[in-house]
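> pasting the structure only:
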Ligand SMILES: NC(=O)c1ccc[n+]([C@@H]2O[C@H](COP(=O)([O-])OP(=O)(O)OC[C@H]3O[C@@H](n4cnc5c(N)ncnc54)[C@H](O)[C@@H]3O)[C@@H](O)[C@H]2O)c1
Ligand SMILES: O=c1ccn([C@@H]2O[C@H](COP(=O)(O)OP(=O)(O)O[C@H]3O[C@H](CO)[C@@H](O)[C@H](O)[C@H]3O)[C@@H](O)[C@H]2O)c(=O)[nH]1
């Protein structure tokens with residue numbers, strides 16, 4: 001099948017390469033010439049485990065081409081829209097400028113029988129509106145909504161072997177045809193018995209934001225328990241283990257710490273609240289405001305904890321921050337809790353040095369005022385405190401004795417409850433973490 005993918009960011013680049021891997025002939029289009037140049041050279045424009053290898057594999061087949069020219073989509077029958085839907089500058093709502101522009105760019109190129117497939121995360125009601133634009137331009141083309149659930153760090157695996165596939169399609173013959181086209185696109189994962197849910201547009205759109213809202217709520221729930229544990233002298237990691245054994249609750253996504261960040265969960269719950277407000281249903285998701293607040297309080301609490309262990313002020317103190325990305329195995333620093341804590345400590349007068357295995361370049365672009373150091377040993381040398389804020393494996397496996405010989409003071413703050421507390425304490429470190437005594 002001939003497929004186009006519009007938008008080659010964290011979602012689209014992986015989707016384009018994966019569709020080529022499934023045997024389709026794919027053209028990817030992005031307005032960012034830097035991303036297109038990297039992909040044309042067979043390199044990922046960002047860090048995502050396994051993507052360079054996948055690009056090398058599909059590069060050899062010649063099934064993936066990329067372009068900055070919107071006209072390059074001509075001849076494709078299925079067009080995936082994978083552009084960004086960031087939080088608007090002046091509100092909590094999603095900025096749909098890019099989605100609208102991408103679809104408008106497709107309209108003059110649509111042929112009878114073409115299918116436009118939205119993958120971006122959008123407010124409910126968007127698909128219906130875009131379907132109207134498609135029908136007006138090419139009555140024999142259709143639109144489907146096919147939300148994406150991949151996680152950064154596991155994006156290749158999640159795309160090739162998803163948990164489930166959701167189609168939002170119109171009623172009648174157009175819907176049946178859209179389902180058949182999407183089944184052809186996803187023939188390989190469907191052959192692995194991946195559950196497939198066929199729904200109407202609003203349900204498909206809501207599935208995506210409902211899933212992210214649930215995940216955000218689960219994280220904020222355990223972080224609310226962490227707040228309680230802090231005042232009651234309890235331990236949130238043991239609490240999470242104990243409640244997580246109940247299969248109805250489950251241990252996954254119950255890791256207390258600095259909370260959620262990234263280009264998805266924070267902006268998606270805010271956009272959901274904004275859209276519910278427009279629909280007159282604000283009370284239904286009012287709880288998400290608390291989910292957001294709990295999440296933001298964790299960042300503030302980490303700054304407070306650092307201030308406390310450093311004697312009431314961080315001014316003039318040397319702080320080593322381990323981690324800048326919003327999660328391990330990603331170079332993405334969008335709404336990164338680690339980077340925000342680093343920036344706040346810097347603003348409070350600390351000399352902050354940040355290290356990260358992959359995200360230094362992106363972090364520097366956002367917070368040029370901080371010091372960055374690729375070498376971990378140099379980062380911690382003479383530090384008054386070490387803050388582990390993103391749980392990269394190389395940080396989790398640090399030898400506390402060795403690091404202890406480099407620092408000025410053996411004070412460690414574990415922002416992700418990721419370190420072996422006993423080992424760090426045995427090496428003479430003052431160990432502090434969120435939600436633990
Ligand atoms: N990142 C994820 O893990 C993930 C997972 C599931 C869903 N999503 C959703 O997917 C969408 C994209 O997210 P992302 O993280 O890939 O964003 P991103 O910012 O990494 O990528 C978006 C890309 O779209 C390009 N673009 C913008 N306008 C364009 C146009 N008119 N034509 C062609 N390209 C254009 C940009 O240059 C950019 O490269 C968002 O709605 C997001 O919520 C993201
Ligand atoms: O127990 C946990 C699990 C995660 N996090 C944090 O939550 C954030 C998000 O993590 P994760 O969901 O793994 O990363 P994303 O790549 O942002 O993926 C989410 O957002 C994507 C974009 O919508 C969806 O496709 C995915 O299904 C959804 O998991 C990160 O800052 C994590 O550190 C926690 O604090 N505790």
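Great, that's in hand. This one's a predicted model, so the numbers in the text were calculated from it and none came from an experiment. Ligands and ions are numbered 1, 2, ... in the order given.
> for the stretch 201-350 of the chain, which residues score under the pLDDT cut-off?
Applying pLDDT under 70 to the stretch 201-350 of the chain picks out no residues at all.
> which parts of it sit against ligand 1?
Counting by C-beta under 6 Å from any ligand atom, the stretch 201-350 of the chain comes close to ligand 1 at 263, 264. (C-beta placed from N, C-alpha, C; glycine too.)
> most proximal residue of the stretch 201-350 of the chain with respect to ligand 1?
Across the stretch 201-350 of the chain, the shortest distance to ligand 1 (C-beta to the nearest ligand atom) belongs to residue 263, at 4.6 Å.
> not counting sequence-adjacent ones, nearest residue to that residue?
residue 334 (4.0 Å; C-beta to C-beta, 6 or more residues apart in numbering).
> on that earlier part again, hang on, the residue of the stretch 201-350 of the chain closest to ligand 1 in a strand?
No: Residue 263 is assigned coil when assessed by DSSP: H, G, I helix; E, B strand; the rest coil, not a strand.
> in this structure it contacts residue 10, no?
Yes: in this structure residue 263 lies within contact range of residue 10 using C-beta atoms under 8 Å: 6.9 Å.
> okay, and the common contacts of the two?
By C-beta atoms under 8 Å, 6 or more residues apart in numbering, residue 263 and residue 10 have these common neighbours: residue 332.
> show me what the nearest residue in space to residue 186 that is not next to it in sequence is bridged to.
Nearest non-adjacent residue to residue 186, counting by C-beta to C-beta, 6+ apart: residue 165, 5.7 Å away. Going by DSSP bridges, residue 165 is paired in beta bridges with residue 196.
> tally of neighbours for the residue of the chain found nearest ligand 1?
Nearest residue of the chain to ligand 1: residue 9, at 1.8 Å (C-beta to the nearest ligand atom). Neighbour count of residue 9, defined by other C-beta atoms under 10 Å: 19.
> list the contacts of it.
Counting by C-beta under 8 Å, 6+ apart, residue 9 has contacts 30, 35, 46, 82, 83, 84.
> which one is the fourth one nearest to, not counting chain neighbours?
The shortest distance from residue 82 to any non-neighbouring residue, by C-beta to C-beta, 6+ apart, is to residue 12 (3.3 Å).
> so that neighbour touches residue 5, yeah?
Yes: contact status for residue 12 versus residue 5: in contact at 5.2 Å, counting by C-beta under 8 Å.
> thinking again about what came up before, between residue 263 and residue 10, which one's more packed in?
Legend: neighbour count by other C-beta under 10 Å for residue 263 and residue 10, higher for residue 10 (26 against 23).
> for the more buried one, give me phi and psi.
Main-chain dihedrals, residue 10, degrees, to the nearest 10: phi -60, psi -40.
> what's the spacing between it and ligand 2?
According to C-beta to the nearest ligand atom, to the nearest Å, residue 10 and ligand 2 sit 8 Å apart.
> per-domain residue ranges of this protein.
Per the record, the chain has its domains at 2-199, 209-292, 293-433, by automatic domain parsing.
> now check the last one, is it near ligand 2?
Yes: Domain 293-433 is in contact with ligand 2 by C-beta under 6 Å from any ligand atom, via 326, 327.
> let's see the distance spanning that domain from one end to the other.
Domain 293-433 has an end-to-end distance of 20 Å (C-alpha to C-alpha, to the nearest Å).
> the second one now?
Across domain 209-292, the straight-line distance between its terminal residues is 14 Å, by C-alpha to C-alpha.
> swap in stretch 137-152?
Across stretch 137-152, the terminal residues are separated by 35 Å (C-alpha to C-alpha).
> ditto for stretch 58-66
End to end - C-alpha to C-alpha - stretch 58-66 spans 12 Å.
> can you pull out the helices in the stretch 201-350 of the chain?
For the stretch 201-350 of the chain, the helices defined by DSSP state H, counting those that start in this stretch cover 201-232, 236-244, 265-278, 287-309, 337-347.
> any chance of those helices in a markdown table, plus mean neighbour count and distance to residue 77?
Formatted as a markdown table, the helices of the stretch 201-350 of the chain follow (neighbours: other C-beta atoms under 10 Å; distance: least, C-beta to C-beta, whole Å):
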| stretch | mean neighbour count | distance to residue 77 |
| --- | --- | --- |
| helix 201-232 | 19 | 20 |
| helix 236-244 | 17 | 45 |
| helix 265-278 | 21 | 30 |
| helix 287-309 | 18 | 38 |
| helix 337-347 | 23 | 42 |
